[in-house]
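K.L.:
sharing a model that was predicted from the sequence below.
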Amino acid sequence: MTTSFDKFRSGKRQPVRLSEDELIQTGNLGGERDFPLVIRPRAEGLNLVSWAASNRDFIEQALLKNGAILFRGFPLASVEAFEEVLRSLYGSALDYTERSSPRSQVSGKVYTSTDYPPEHPIFLHNEQSYNLVFPLRIAFFCLTAAETGGETPIADCRRVFQKIDPAIRRAFQEKGYLYARNFGHGLGLSWQEAFRTEDEGTVEQYCRDHEIDFEWKGQGRLCTRQRRSVGGRHPRSGDFSWFNHLTFFHVTTLAPDLRDSMRSNYAEEDLPNNTYYGDGTPIETDVLDELRAIYEAETVSFLWERGDLLLLDNMLVAHGRSSFTGARKVVVGMAEPFAWKDVEKGA
């Protein structure tokens, strides 16, 4: 005899008569906030692929409200299963374009979350917010938890926005911010890796198409500048979110030893990455200190467990990475492209 629960176990997408309360339980990680929302199966063997496919509306509404969902305790053990969950929800994953972080392709359009050295933490940011088209959804899947550390800290960018001094918000909303990159110094990604081509003409056309100013400086060196907004209203929730890379890419956000090394080895205009106000003027130190403090105050972290899947609304929630020791394998997939031109900027 086949029960409704057996249909989920088999992976077949068929209607069920069991209520959601009988299939899953929702809660938190024990903190004061329901962030991230944690969804666990009530019975062993519940197939996340089938359940997600049958409950897209429930997941999307929960994601709009909470910004982050941690699926924990499901029998999810492979990259292929992770890809299936993404396909069941969003059809297909996205390519990683206009790269700023070293990543390795794992399978299809699933990548390592980052190949950045484990001893260095990665500050919070919204994935590809500097691209004219960015993913609305980003998901992380833990295959191997680190021996120590290795968390993926997250922060609700709606709360970040509300805490920023109104005068600072206005200045950035009026001017935007400028993201400056210098390729070819032997540090960070090369322009060939970032743009995934060996052809200078292809890079130039990409820059023209994506509102990026560029300048070749000889000996394979490339300088790019792109002006971007600091946030906007979410297209579905209507919430205003602080959605950008301006704090992440500023040289002062680096760990002190890296920051001092950068400044001693490179002139300001030659730094591999840096940010400014949209008119090119420097961002004040106290402004950057305030932004970092707000992100840190809003940060929530948890230790990964094998099989965990963390789904984020990329526009509502920023993410980072803690330093770690030991083996760690957390992969990432992105979905649902959305264009900056369709984002309402006024707050």
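P.N.:
Sure thing, it's come through.
K.L.:
wait, what's in contact with the residue nearest to the spatial centre of the chain?
P.N.:
The central residue of the chain, meaning the one whose C-alpha is nearest the mean C-alpha position (CA atoms, centre = their mean), is residue 127 at 3.5 Å. Neighbouring residues of residue 127 by CB atoms under 8 Å, 6 or more residues apart in numbering: 134-135, 138, 314, 319, 334. To be clear about C-beta, it is placed using only N, CA and C from the backbone, and glycine gets the same treatment.
K.L.:
ok, of those, which one's closest to residue 28?
P.N.:
Here the nearest of these to residue 28, counting by CB to CB, is residue 319; it sits at 17.8 Å.
K.L.:
surely the closest one and residue 123 touch.
P.N.:
No - the criterion here is CB atoms under 8 Å, and residue 319 misses it with residue 123 at 10.1 Å.
K.L.:
these two: which is more packed in?
P.N.:
Each of residue 319 and residue 123 has its neighbours counted (other CB atoms under 10 Å); residue 319 has more, 22 against 19.
K.L.:
just say helix, strand or coil for that one.
P.N.:
strand (DSSP: H, G, I helix; E, B strand; the rest coil).
K.L.:
returning to that earlier point: how about the contacts of residue 127, which pair is most distant?
P.N.:
Of all pairs drawn from those, the one with the longest distance (CB to CB) is 134 and 319, at 13.5 Å.
K.L.:
overlap in contacts of these two?
P.N.:
Shared contacts of residue 134 and residue 319 (CB under 8 Å, 6+ apart): 126-127.
K.L.:
tally of neighbours for the nearest residue to residue 177 once chain neighbours are set aside?
P.N.:
What sits nearest to residue 177 in space, not counting adjacent residues and going by CB to CB, 6 or more residues apart in numbering, is residue 246, at 4.2 Å. Neighbour count of residue 246, defined by other CB under 10 Å: 26.
K.L.:
repeat for residue 307
P.N.:
Counted with other CB under 10 Å, residue 307 comes out at 20.
K.L.:
now do the residue nearest to residue 177 against residue 87, distance only.
P.N.:
The span separating residue 246 from residue 87 equals 33 Å under the rule CB to CB, to the nearest Å.
K.L.:
so who does the residue nearest to residue 177 touch?
P.N.:
Taking CB under 8 Å, 6+ apart, we find residue 246 in contact with 172, 177, 179, 230, 275, 283, 291.
K.L.:
re earlier: element containing the residue nearest to the centre of the chain?
P.N.:
Secondary-structure assignment from DSSP states H and E places residue 127 in no helical or strand segment.
K.L.:
circling back: redo the contacts of residue 127 as JSON lines? Include pLDDT, distance to residue 213 and secondary structure.
P.N.:
Formatted as JSON lines, those follow (pLDDT from 0 to 100; distance: CB to CB, whole Å; DSSP: H, G, I helix; E, B strand; the rest coil):
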{"residue": "134", "pLDDT": "95", "distance to residue 213": "20", "secondary structure": "strand"}
{"residue": "135", "pLDDT": "95", "distance to residue 213": "24", "secondary structure": "strand"}
{"residue": "138", "pLDDT": "96", "distance to residue 213": "27", "secondary structure": "strand"}
{"residue": "314", "pLDDT": "98", "distance to residue 213": "25", "secondary structure": "coil"}
{"residue": "319", "pLDDT": "97", "distance to residue 213": "28", "secondary structure": "strand"}
{"residue": "334", "pLDDT": "92", "distance to residue 213": "26", "secondary structure": "strand"}
